[in-house]
Structure formats: C-alpha cells, structure tokens
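A.B. asks: here is the input, now give the coordinates:
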Amino acid sequence: MNKQSNNSLSYASHGASLGIFVYIILAISKLMVGYLFKSTSLQADGLNNFSDIIASASVWIGLKIAQKPADRNHKFGHEKYEVLSSFIVALLMLIIGMQVISNGLIQIINNNASQTSILVVTVTIFSIITLFFTQSFLHKLATKTNSIGLRATAKDMRNDMLISIGTLLGSIGIHYGYPILDTIISLVVGILILSSAVEILKASSFTLSDGFNPQLLLEYEKTILEHSSVKSINNIRARMGGQQIYLDVTIGLDPNMSVAESHKVTEELEKALLINHQLRDIDVHVEPFE
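C.D. replies: Numbers count the residues shown, from 1 in each chain. Just a heads-up that it's a prediction; the model follows:
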C-alpha cells in the first residue's frame, strides 16, 4: 500500500470515529425520550441510530485493518476489509429495517396511539441539525479520501437526517390529532432503511466479487493505445482492492523489439496510466504482435 492511500485510510478512520460519537448521543437521547412519551417514530429513529453505532464501529475497524501493510497471507494488502465493513453495515441495516417495520405493523394491529411532547420535538430538531452538519463533513471527507466505507456511513447519515425530518412531521401530526401519521412514518423509516441497505449491499458485493466498471477499462485501453509502440491489447482486466485499483494488461509489441526496449515501453505505459488515471499497481505483460 502506498503512503497516500494509507493517509487517506487514516483520515477516513477519524471520520468513522466522529460518526460513532454522534450516533451514541443521538441514539441514547431518542430512545429515552421516545420510550417515555411513547413516540413510535422517535423510537424507530433511535433504534436506527443504535444500529448506526455498530455500523460505524464496523467501518472504523475495517479502516484500521485496511491500513495494515501487505504480508505473507495478503499479498495485495488488507484494503478489502474496508469494503467488507460496508457489507456488514448493509446486513445490520437490513435487520434493523425489518424490525422497525415489524414494530410499526404491530402497533397498527394493536391500535396503540403514539404521543408527543415538546421534548420529542426538541430532540428531533437537534438530531436534524447535528446530522446535517456531520453528514456534510463526512461526505466531503469520503470524497477527499475516496473511502468506500466512509461513503456508506455518509449516505446512511443522510438517510437518518431524512428519517428525523419524518419523525418531526409525525410529531406535528400527533399534535393536530392524527396519531396514525406517526406510525405510518415509522413504517416509511423502515422502508428507507431497507432501501439504503440494499444499495450499500449491492455496491460492496460488486467490489468483493471483483466486479469492475467496463467504462473505466475502455479509458485505460485508450491511454495504452496512444503509445506508438503498442500494436494491440490482447487482454486487460482490473479489480478494486478498496481504494486501490489493480490493473493487469497484456500488450502486443513488435517481435523484433529487444527486451530492454520492451521494458522501456512498459515503464512508459505505467507512467501514463499513473498520470491520467492515478493507477499505481499495474502489471504489464508483453507478447509478440502477430
């Protein structure tokens, strides 16, 4: 792993730590107030934030392990642990989402009316403001560090902010005599959690299964073929190791070219791919062009 990638993972882990701290405060305050005033949507929101503590902790652990250098058992490094942490986040969100929906349906069946108070509204508004500023910061940090795990955390936090807005609307509905609105919003909360979980699950599974964007491969091919000595590209493939892209390409060169000349071409290609696409781990294989 190069120094720049390691620094990015270190910054991202600090962002995950911030996420854990914020979620602990929000989860405790929402669950306590939601339980005292029997606010279903606020309890659902707090339960979601509790799952976010575990999710952010998983991302933090994944980012810490991802910083470890390559060893005998992990020749490509440990960066995929960050992606694995995103996968764990998605699984936790699926469980919590189904639990929130289940609680909402039970309340409808039992005809339990939700309640609200000024404290419920205050906690919800505090949550919205806190999540807005924290999510904005984590989104910028995720973009700067290109962290898959932190990007998942920022996206989850954005959804949490929307969920808190829904909770606020539920409290307003209770105040004006429509307590069922609070229960309905708790169901929407569960659906939003499930939707985000599926989205993160798809993205992390794609990387863990060595999926790769074919459009990027076309861009790499274009850069390689711009070199005057390259006659053909016989094979090209790439995969993500977290933040790092590993490229493996086989090119066809003039069969009369010496080993030294062929080696020079590969070095020039590696430099071009680094400059144009920020690729650092590249294997260029040479075959005689026929």
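A.B. asks: use CA for all of it now, contacts and neighbours both
C.D. replies: Fine.
A.B. asks: ok, and what's touching stretch 16-33?
C.D. replies: 39, 42-43, 45-50, 52-53, 56-57, 59-60, 119-120, 123-124, 127, 130, 134, 150, 153 (Cα atoms under 8 Å, 6 or more residues apart in numbering).
A.B. asks: drop anything exposed from those residues.
C.D. replies: 39, 42-43, 45-50, 52-53, 56-57, 59-60, 120, 123-124, 127, 134, 150, 153 (16 or more other Cα atoms under 10 Å).
A.B. asks: helix or strand right after the lengthiest helix in the chain?
C.D. replies: The single longest helix within the chain, with elements called by DSSP state H, is helix 3-36. Moving toward the C-terminus from helix 3-36, the next helix or strand (DSSP states H and E) is helix 40-66.
A.B. asks: who does that next one touch, helix- and strand-wise?
C.D. replies: helix 3-36, helix 80-110, helix 148-175, helix 180-208 (3 or more Cα pairs under 8 Å, 6 or more residues apart in numbering; DSSP states H and E).
A.B. asks: where does pLDDT dip in the stretch 101-250 of the chain?
C.D. replies: 111-117, 182, 242-243 (pLDDT under 70).
A.B. asks: any idea how far the residue nearest to the spatial centre of the chain is from Leu192?
C.D. replies: In the chain, the residue lying closest to the centroid (Cα atoms, centre = their mean) is Ala152, at 2.3 Å. Separation of Ala152 from Leu192 (Cα to Cα, to the nearest Å): 14 Å.
A.B. asks: can you give me every residue that contacts Leu208?
C.D. replies: With Cα under 8 Å, 6+ apart, Leu208 has these contacts: Lys80, Val83, Leu84.
A.B. asks: relative to Leu47, how far out is it?
C.D. replies: Taking Cα to Cα, one finds Leu208 at 28 Å from Leu47.
A.B. asks: and if you look at Ser147?
C.D. replies: For Ser147 relative to Leu47 (Cα to Cα), the value is 26 Å.
A.B. asks: which of the contacts of Leu208 has the most neighbours?
C.D. replies: Within those, most neighbours by other Cα atoms under 10 Å means Val83, with 29 neighbours.
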